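whatever this is, show me its structure:
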Amino acid sequence: MTGQKTRLDALRTSVGRLRGIVEPLADDAIVESAYPTEWTIAQVMSHLGSGAVILQRGLEDQLAGSTTPDDFAPGVWDEWNARTPRAQVDDGLAADRAFLAALDAVSAEQREAFSFAMGPLSVDFDGFVGLRLNEHAFHTWDIEVTLDAAATIPTMIAERVVDNLGLITRFTAKPSDGPATIDIRTTAPQRHFTLELTADGAVLAPAAGDTSAADLELPAEALARLVYGRLDPAHAPAFVGSLALVERLRAAFPGP
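Numbering: from 1, shown residues only. Coordinates of the predicted model:
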């Protein structure tokens with residue numbers, strides 16, 4: 001239960017941060033490009049808002065023992081895509097808060113029994129919260145970094161996200177030209193991983209507790225952004241390791 005509460009705390013912090021960043025923006029600001037330049041800030045908010053509606057319906061259906069109709073998500077996307085930029089932002093913030101409230105309302109007994117299938121994944125309640133937290137943290141950064149080029153993912157959130165990267169890496173990595181084993185250490189918080197680049201993609205796992213020098217050392221939030229394709233040279237912190245290695249990892253994790 002402790003881990004579940006901690007991820008909810010991190011998500012609650014991220015929801016509050018997003019509101020503080022986006023709510024003051026004027027109409028002309030929300031139609032500016034976000035970090036994925038093919039999306040505006042309003043469209044990022046539409047993505048977060050529609051995602052909140054879809055996940056909340058999935059949560060409610062799972063708790064009720066029901067099956068969400070296959071056409072529900074496409075209908076939600078169409079509805080949100082048709083909204084004005086201002087509505088995408090305002091409704092996105094409202095849906096974000098509503099989904100967080102729905103998560104908070106799940107009882108301890110319901111959390112213990114919870115299982116949610118998403119494509120090939122099946123996650124418990126903590127994993128379900130983690131999926132939303134990851135998406136929320138990175139899309140909040142996508143908006144914030146356009147307003148502050150030095151923006152990073154706060155440590156309190158990054159420490160929850162970095163521990164979920166092993167799952168995400170399997171889906172974000174591109175096949176490698178050649179196999180490689182890379183020792184990675186992070187700061188804020190301290191973590192130690194082994195990254196295996198393969199012809200099929202990549203596998204990231206906690207490393208054995210040896211004391212050898214790492215091939216790459218960087219802040220945990222930067223590793224998380226790297227795996228999500230958000231560590232371009234203009235938004236990279238100082239790191240210990242070779243630039244050639246970082247460039248190879250950027251190619252392995254191209255992101256959006």
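
low-confidence ranges, this structure, go.
For the chain, residues meeting the criterion pLDDT under 70 lie at 1-5, 210-211.

quick check: domain ranges of it?
2-151, 162-252 (automatic domain parsing).

redo those as CSV? Include mean neighbour count.
The C-beta positions use only the backbone N, C-alpha and C, and glycine is treated the same way. Listed next are these as CSV, based on neighbours: other Cβ atoms under 10 Å:
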stretch, mean neighbour count
domain 2-151, 17
domain 162-252, 17
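
in this structure, which spans are strands?
Applying DSSP state E to the chain gives strands spanning 116-118, 121-123, 180-187, 191-198, 201-206, 216-219, 240-241.

wait, which of these is closest to residue 144?
Residue 144 lies closest to strand 216-219 among the strands of the chain, at 16.2 Å (Cβ to Cβ).

packing partners of that closest one?
strand 180-187, strand 240-241, helix 243-252 (3 or more Cβ pairs under 8 Å, 6 or more residues apart in numbering; DSSP states H and E).

quick one: the longest one to strand 180-187, angle?
Put plainly, it is helix 243-252. 100 degrees (axes from the mean of the first three to the mean of the last three Cα atoms, to 10 degrees).

can you pull out the helices in this protein?
2-22, 41-64, 72-81, 85-104, 108-113, 125-147, 155-161, 165-172, 220-227, 243-252 (DSSP state H).

right, and residue 56 touches residue 96 too?
No - checked against Cβ atoms under 8 Å, the pair residue 56 and residue 96 is beyond contact range at 10.1 Å.

quick check, distance from stretch 122-140 to the centre of its chain.
7 Å (Cα atoms, centre = their mean, to the nearest Å).

repeat that for stretch 202-210.
21 Å.

using CSV, write down the CA coordinates of that stretch.
Taking Å, rounded to 0.1, in the frame of the first residue of the first chain, the C-alpha atoms of stretch 202-210 are listed here in CSV:
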residue,chain,number,x,y,z
ALA,A,202,16.2,-2.8,-25.5
VAL,A,203,15.9,-4.1,-21.9
LEU,A,204,16.5,-1.9,-18.9
ALA,A,205,16.8,-3.7,-15.5
PRO,A,206,18.2,-2.9,-12.1
ALA,A,207,22.0,-3.8,-12.1
ALA,A,208,23.9,-5.9,-9.6
GLY,A,209,25.4,-4.0,-6.8
ASP,A,210,29.0,-3.7,-8.1
